[in-house]
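**Student:** structure for the following, please:
(one chain, ligands or ions: 3)
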Amino acid sequence: METKLVYHSFEKVDADAVAVVLFEDETPPAELKFASSWLDDLRASGEFSGKSEELAVLHQPHGMKAKRLVAVGAGKRAGFDLRKCIATAIRALKPKGVKKLGWWLNGADPEAVVEGAIVGNFESDQYKTANQGKSLDSFYAIAATNGAEQDRAFERGEILGDAQNFARTLANEPANRLTPLILADRAKAMAQEAGLEYEMLDQDRMRQLGMGALLGVAQGSAEPPALIIVRYKPETAPKTSDHLGLVGKGVTFDTGGVSIKPAEGMEKMKYDMCGGAAVLGAMKAIAKLKPSIPVTGFVPTVENMVGGKAQRPGDIVKSLNGKTVEVLNTDAEGRLILIDAIAYAQRQGCTHLVDAATLTGAIVVALGHVNTGAFTNNEALLGRVMAAARAEGEKMWHMPLDDEYKDLLKSAFADLANIGGRWGGAVSAAWFLREFAGDTPWVHLDIAGTAWLDDAKPYMAKGPTGVCVRTFTKLALAW
Ligand code: BES
Ligand code: ZN
Ligand code: ZN
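**Tutor:** Ligands and ions are numbered 1, 2, ... in the order given. Next up, the predicted model:
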């Protein structure tokens, strides 16, 4: 989709439709005087009162160049989500044959507007051979006056929206089309295009280094694993010695291994690489938006399979940092690959770590599909992550990590067990990672409930959400 910020009065914009936002219980802006009788009728008839998700279309609006004027309900001003409002309107207008849409900014933040448009326009249809092309071709944000800051904000929004959709496209790839090595190739292509450094540790290199936890998960699959590394370095020397490491779980398919998952719903486990996709999406945006600190993305990627060589419950593996782990359940594989990536990120000089992972079903039980679970060993870093998330409209909830939970991971035979029993499963999983983060300020984001939509929402297509791409990018930019 072509996106553009245009300076015009909205009456003069040539498009299939021009949309204007109307709040509930507020009189329409003065610029809409010419349409006041239409708007009054809409309200009187009860057809449209400005509630969120409402839409009313006026064809051949008098005095306008566009073919249609669309009133978009925004609800009450308090709690208004601009991105969702736009995305909802776009998703409703696409089936009505609108290809070229103008959006009257009326003072709204152009960054959020174009983000909402790009994310809302995305469809999970990359493998549909028919019924494609439902999407908009052009989106024009219409501003009354020009300004450099406005242009920059618009460009930022374009970059963030595209990066989020890049992550969603990766997550939509089924496991037969996206093996760990193919994911590495996709990361490489992205890095080359964006001007980032790319490196990949292959199986031999990981053996030399001693990444026994990651390799143990990978050994059941015919597809070799990889540790993808993508580096951004600021052009001018940074003022701090801080170095942000982003780590994302990249399990291209999770059968559970020998502790196999039930067949029903297993197809969804192609999305077990959404954390990795979020890291790659964020790195793509970071390359363009150029924050002032170095940021390195790490994506440990494996396929968790059953097979003659697969690891067994009770196997003991040695991780990169030397600790041994008893694998009581082969389905708790995400934490096993993450600990070797975390240890490697520390060796690479990362001073702050944030990971994203579709780590536990337990976080979905705790928080549903609304909030990402956020865990930390450092409140200050969590504060930064939460602030970035809030600015980007990505909901996160601070979860506990009291010392008492740590005991859940005791093993009779190794330093740690990889599972913590039935209760508090998201917390014990986070504690497992924390044991390896050590003193490095670290935040863990469990996105098992937020990375995927089982059903389409008015504002988003079914499938991957691309959660954390914008939060990660904003975190780096605000550093
Ligand atoms: N990838 C899953 C977590 C998951 C479950 C994501 C459901 C999305 C939806 C993870 O590898 C896993 O299987 N975790 C186990 C851990 C358990 C064995 C301690 C789980 O949550 O059941
Ligand atoms: Zn699993
Ligand atoms: Zn998994």
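**Student:** just the helices in the stretch 1-150 of the chain please.
**Tutor:** Along the stretch 1-150 of the chain, the segments classed as helices by DSSP state H, counting those that start in this stretch run 36-45, 82-93, 110-121, 148-172.
**Student:** deepest-packed of those helices, please.
**Tutor:** Mean neighbour count (mean count of other Cβ atoms under 10 Å) peaks for helix 110-121 among those, with a mean of 26. In short, each C-beta sits where N, CA and C put it, glycine included.
**Student:** what helices or strands is that one leaning on?
**Tutor:** Applying 3 or more Cβ pairs under 8 Å, 6 or more residues apart in numbering; DSSP states H and E, we find helix 110-121 packed against strand 2-7, helix 82-93, strand 100-104, strand 138-143, helix 148-172.
**Student:** dump these to a markdown table, plus distance to Ala391.
**Tutor:** Formatted as a markdown table, the helices and strands packed on helix 110-121 follow (distance: least, Cβ to Cβ, whole Å):
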| stretch | distance to Ala391 |
| --- | --- |
| strand 2-7 | 20 |
| helix 82-93 | 11 |
| strand 100-104 | 21 |
| strand 138-143 | 19 |
| helix 148-172 | 11 |
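**Student:** residues from the stretch 151-300 of the chain in reach of ligand 3?
**Tutor:** Within reach of ligand 3 by Cβ under 5 Å from the ion, the stretch 151-300 of the chain has these residues: 251, 254, 272.
**Student:** a markdown table please, covering those residues and showing pLDDT.
**Tutor:** Formatted as a markdown table, those follow (pLDDT from 0 to 100):
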| residue | pLDDT |
| --- | --- |
| Val251 | 99 |
| Asp254 | 98 |
| Asp272 | 98 |
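**Student:** pop the domain breakdown of this structure in here.
**Tutor:** Domain assignment of the chain by automatic domain parsing yields the ranges 2-146, 174-477.
**Student:** and the longest one, end to end?
**Tutor:** Between the opening and closing residues of domain 174-477 we find a distance of 32 Å, counting by Cα to Cα, to the nearest Å.
**Student:** that older thread, got CSV for the helices and strands packed on helix 110-121, with mean pLDDT too?
**Tutor:** CSV is the format used below for the helices and strands packed on helix 110-121 (pLDDT from 0 to 100):
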stretch, mean pLDDT
strand 2-7, 97
helix 82-93, 97
strand 100-104, 98
strand 138-143, 98
helix 148-172, 98
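**Student:** how close does the closest residue to ligand 2 within the chain get to ligand 1?
**Tutor:** Among all residues of the chain, Asp331 sits closest to ligand 2, at 3.8 Å; criterion: Cβ to the ion. Distance from Asp331 to ligand 1, counting by Cβ to the nearest ligand atom, to the nearest Å: 4 Å.
**Student:** where does that residue fall, phi/psi-wise?
**Tutor:** Here is the backbone geometry of Asp331 (degrees, to the nearest 10): phi -80, psi -10.
**Student:** so what's the residue count around it?
**Tutor:** Here the count is done by other Cβ atoms under 10 Å, and Asp331 has 20 residues near it.
**Student:** now Ala74
**Tutor:** Neighbours of Ala74 under the rule other Cβ under 10 Å: 26.
**Student:** contacting residues for it?
**Tutor:** Applying Cβ atoms under 8 Å, 6 or more residues apart in numbering, we find Ala74 in contact with 21-24, 50, 52, 80, 85.
**Student:** equivalent analysis for Lys84, please.
**Tutor:** Counting by Cβ under 8 Å, 6+ apart, Lys84 has contacts 52, 116, 393, 459.
**Student:** list buried residues within the residues you listed.
**Tutor:** Neighbour counting by 16 or more other Cβ atoms under 10 Å classes 52, 116, 459 among the contacts of Lys84 as buried.
**Student:** tell me the buried residues within the residues of the stretch 151-300 of the chain next to ligand 3.
**Tutor:** 251, 254, 272.
**Student:** need the residues of the stretch 151-300 of the chain next to ligand 3 in TSV with secondary structure, can you?
**Tutor:** Written out in TSV, the entries for those read as follows (DSSP: H, G, I helix; E, B strand; the rest coil):
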residue	secondary structure
Val251	strand
Asp254	strand
Asp272	coil
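**Student:** does stretch 308-321 reach ligand 2?
**Tutor:** No: Stretch 308-321 does not reach ligand 2 (Cβ under 5 Å from the ion); its nearest approach is 12.5 Å.
**Student:** follow-up on the earlier one: quick one: which of the buried ones among the contacts of Lys84 is nearest ligand 1?
**Tutor:** Tyr459 (21.7 Å; Cβ to the nearest ligand atom).
**Student:** run a quick neighbour tally on Ser241.
**Tutor:** Using other Cβ under 10 Å, the number of residues around Ser241 comes to 9.
**Student:** any idea how far Ala74 is from Ala44?
**Tutor:** Separation of Ala44 from Ala74 (Cβ to Cβ, to the nearest Å) stands at 20 Å.
**Student:** can you check Val21 too?
**Tutor:** For Val21, the distance to Ala74 (Cβ to Cβ) stands at 5 Å.
**Student:** for the chain, what lies in contact range of ligand 1?
**Tutor:** Contact residues (Cβ under 6 Å from any ligand atom) of the chain with ligand 1: 254, 272, 329, 331-334, 358-362, 364, 419, 425, 448.
**Student:** in helices, which of these fall?
**Tutor:** 334, 361-362, 364, 425 (DSSP state H).
**Student:** identify the farthest-apart pair in the residues you listed.
**Tutor:** Gly334 and Val364 (13.9 Å; Cβ to Cβ).
**Student:** which residues in the stretch 151-300 of the chain form strands?
**Tutor:** 197-201, 226-232, 244-248, 250-254, 295-304 (DSSP state E, counting those that start in this stretch).
**Student:** turn those strands into a markdown table, columns for distance to Met1.
**Tutor:** Listed next are these as a markdown table, based on distance: least, Cβ to Cβ, whole Å:
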| stretch | distance to Met1 |
| --- | --- |
| strand 197-201 | 28 |
| strand 226-232 | 26 |
| strand 244-248 | 26 |
| strand 250-254 | 28 |
| strand 295-304 | 26 |
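**Student:** which one of those lies closest to Gly216?
**Tutor:** Between Gly216 and these, the shortest gap by Cβ to Cβ is with strand 295-304, which sits at 9.5 Å.
**Student:** quick one: the closest one to strand 250-254, angle?
**Tutor:** In terms of direction (axes from the mean of the first three to the mean of the last three Cα atoms, to 10 degrees), strand 295-304 departs from strand 250-254 by 20 degrees.
**Student:** isn't Val13 right up against Lys65?
**Tutor:** Yes: assessed by Cβ atoms under 8 Å, Val13 is found in contact with Lys65 at 6.2 Å.
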